[in-house]
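Peer 1: Sequence first, then the predicted structure:
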Amino acid sequence: MSEGPQVFLRALWLHGRLSGRRVHDVRSRDSALTARFAPLRGLAIERVRSHGKRIFLEFEGGLVLHNHQRMQERWRVVRRFEPLLTTCWIALDVGDESVQNHDGEVLELVTRVDAERIRSELGPDVLDEPFPRAAFDSALRACRLPIAEALLDQSVVAGLGNVARCEAVFLARVDPTRPAGRLADDELLRLGDAVRLVTRESLRQRGRWTHRVYHRDGHPCPRCDTHVLRIELPPSRRAFSVCPSCSGMRNERDLFS
């Protein structure tokens with residue numbers, strides 16, 4: 001699944017491909033989608049940017065193509081007149097190229113005002129530079145979810161997924177089951193540093209991750225040799241990899257499913 005670093009790199013790539021270019025045609029295998037995105041014909045793309053797991057393609061005249069990156073979704077470039085594959089949701093023809101979205105799930109045409117509203121409903125983007133320390137701390141202090149779940153909630157902080165949250169919590173040595181708002185100041189500081197480290201590490205590695213605990217359930221912790229465990233917390237119930245010793249977890253046996 002795409003997380004902040006992968007989405008940021010994809011938006012950067014799209015910006016390089018599309019910024020300043022004019023859309024000659026909009027195509028889809030679905031006639032309803034072709035009609036929905038027809039207003040983009042003839043418009044120039046001003047810029048492409050991301051916020052968390054969202055991509056915003058901004059066009060002249062105030063229209064924005066909003067894309068929420070999910071699961072196997074991908075953007076690709078082919079020669080303009082190649083037949084559309086069955087997986088192609090939308091094709092933006094620019095020059096002799098066709099920039100296409102495949103296996104998409106959320107792609108909508110909105111106004112710039114609506115795009116800003118969508119962004120405002122998301123938490124601070126952990127990939128912003130400089131790192132949004134004050135907004136990050138404030139969002140977590142106000143959250144009652146377990147810290148592992150708070151990091152997954154895009155309305156709290158934007159851009160983290162399952163890999164990043166597991167690795168950040170491990171590096172920060174915090175108990176993933178504790179409510180985010182109850183973290184001590186030094187724990188919150190360590191967590192912010194860890195989030196910044198793992199996301200920038202992934203950016204440097206072109207979207208790849210260094211797995212210290214993620215998907216290493218049953219293997220020895222690289223720090224203390226305790227076996228890495230898998231837990232599932234509400235409300236997402238998504239698998240979370242954790243070293244119970246390094247995190248200082250309590251009553252851990254009650255948490256495993």
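Peer 2: Alright, I've got the coordinates.
Peer 1: what about residue 62, distance to residue 232?
Peer 2: The gap separating residue 62 from residue 232 is 44 Å, by CB to CB, to the nearest Å. For every residue, glycine as well, the C-beta is placed using N, CA and C.
Peer 1: Hmm, I typed the wrong one, I wanted residue 17.
Peer 2: The gap separating residue 17 from residue 232 is 40 Å, by CB to CB.
Peer 1: The two - which one has more neighbours?
Peer 2: With neighbours defined as other CB atoms under 10 Å, residue 17 and residue 232 compare such that residue 17 has more, 16 against 13.
Peer 1: secondary structure class for the more buried one?
Peer 2: Here residue 17 is recorded as helix under DSSP: H, G, I helix; E, B strand; the rest coil.
Peer 1: And what about the nearest residue to it once chain neighbours are set aside, helix, strand or coil?
Peer 2: Distance criterion CB to CB, 6 or more residues apart in numbering; nearest residue to residue 17, sequence neighbours excluded, is residue 99 at 5.8 Å. Classification of residue 99 using three-state DSSP returns strand.
Peer 1: what about residue 99, how many residues close to it?
Peer 2: 22.
Peer 1: Can I take it that residue 5 is in a strand?
Peer 2: No: under three-state DSSP, residue 5 sits outside any strand and is assigned helix.
Peer 1: and it, how many neighbours?
Peer 2: Per other CB under 10 Å, the neighbour tally for residue 5 reads 28.
Peer 1: correct me, but it touches residue 207?
Peer 2: Yes: Residue 5 lies in contact with residue 207 (CB atoms under 8 Å); the separation is 5.6 Å.
Peer 1: Distance of residue 198 relative to residue 112?
Peer 2: 32 Å.
Peer 1: Tell me which of those two has more neighbours.
Peer 2: residue 198 (28 against 14).
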